[in-house]
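Peer 1: quick one, what's the 3D model for this:
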Amino acid sequence: MLDFSILTENWDAYLTGFKQTLLVSLLALVGSFALGTFLAILQIAPIKVCNWIGTAYVEFFRNIPLLIIAFFLYTALPTLKIQLDGFQAGTLALIIYTAAFIADAIRAGILAVHKGQSEAARSSGLTYIQTMWYVVLPQAIKIVIPPLGNQFINLVKNSSILTILAAGELMYQADLISSRTFVTFEVYIFVALFYLVITIPLSSAVRYLEQRLARTS
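Peer 2: So this is what the prediction gives:
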């Protein structure tokens, strides 16, 4: 049987970690989606330099561990007189890392939109940016809702890496509770439940949005 006293006696710590994890996840979600969309457009832009920049970013950050990015921002940037605390470094690392995967997903969605759509938009007088913003991107994002949802859920789970930066999120609070109470099983079971409180509604929202868009298409 679970010892629920671990949860009740440390409720404030769990709640603090939960709020911090939720905040990190929301900021990183918005930031990585914006950056990933921009990178996806660069990858398919009619300018080779833009293609190279977008592709180089995606290939580089998609193939290195998130931990390295977080450590670099937290420990290496201070040598350049750029000081970030654990929360800032961790959130930025999540944005940089997740954006590479989101860019790949959105790029696939853009390529899945029939070329006739963009050609018709351009022939009607829209610029390239206007065509992407008003015509192509809405259709592309609709196509890639499932993989985007998976990336957002992965982002929430990856936020646990912020514990190494003492950012105060769920895993950090759990480590503090465990070191203070010498209890491990219940401490981390309750942490897992807090993560489920975030990821299950997010997963359900993605499925609902996917089904709704499918009915309107």
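
Peer 1: ok now stretch 150-161, how far from the chain's centre?
Peer 2: Remark: stretch 150-161 is offset 6 Å from the chain centroid, using C-alpha atoms, centre = their mean, to the nearest Å.

Peer 1: who's in contact with it?
Peer 2: Applying C-beta atoms under 8 Å, 6 or more residues apart in numbering, the external contacts of stretch 150-161 come out as 21, 24-25, 28-29, 32, 66-67, 70, 90, 93-94, 97-98, 101-102, 105, 169-171, 195, 198-199, 202-203, 206. Just so you know, the C-beta spots here come from the backbone N, C-alpha and C atoms, and that holds for glycine as well.

Peer 1: for the chain, just list every one of the helices.
Peer 2: Along the chain, the segments classed as helices by DSSP state H run 5-9, 11-44, 48-62, 66-71, 86-112, 115-123, 128-131, 137-143, 145-158, 170-181, 185-216.

Peer 1: how about those helices in a markdown table, adding mean pLDDT, distance to Pro78 and mean neighbour count?
Peer 2: Output for those, formatted as a markdown table (pLDDT from 0 to 100; distance: least, C-beta to C-beta, whole Å; neighbours: other C-beta atoms under 10 Å):
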| stretch | mean pLDDT | distance to Pro78 | mean neighbour count |
| --- | --- | --- | --- |
| helix 5-9 | 91 | 37 | 14 |
| helix 11-44 | 94 | 21 | 19 |
| helix 48-62 | 94 | 21 | 15 |
| helix 66-71 | 94 | 12 | 18 |
| helix 86-112 | 94 | 10 | 22 |
| helix 115-123 | 83 | 45 | 12 |
| helix 128-131 | 84 | 37 | 14 |
| helix 137-143 | 87 | 37 | 18 |
| helix 145-158 | 91 | 23 | 18 |
| helix 170-181 | 92 | 20 | 19 |
| helix 185-216 | 88 | 30 | 14 |
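
Peer 1: could I get these as CSV with distance to Thr79?
Peer 2: Formatted as CSV, those follow (distance: least, C-beta to C-beta, whole Å):
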stretch, distance to Thr79
helix 5-9, 41
helix 11-44, 24
helix 48-62, 21
helix 66-71, 13
helix 86-112, 14
helix 115-123, 45
helix 128-131, 38
helix 137-143, 39
helix 145-158, 26
helix 170-181, 25
helix 185-216, 34
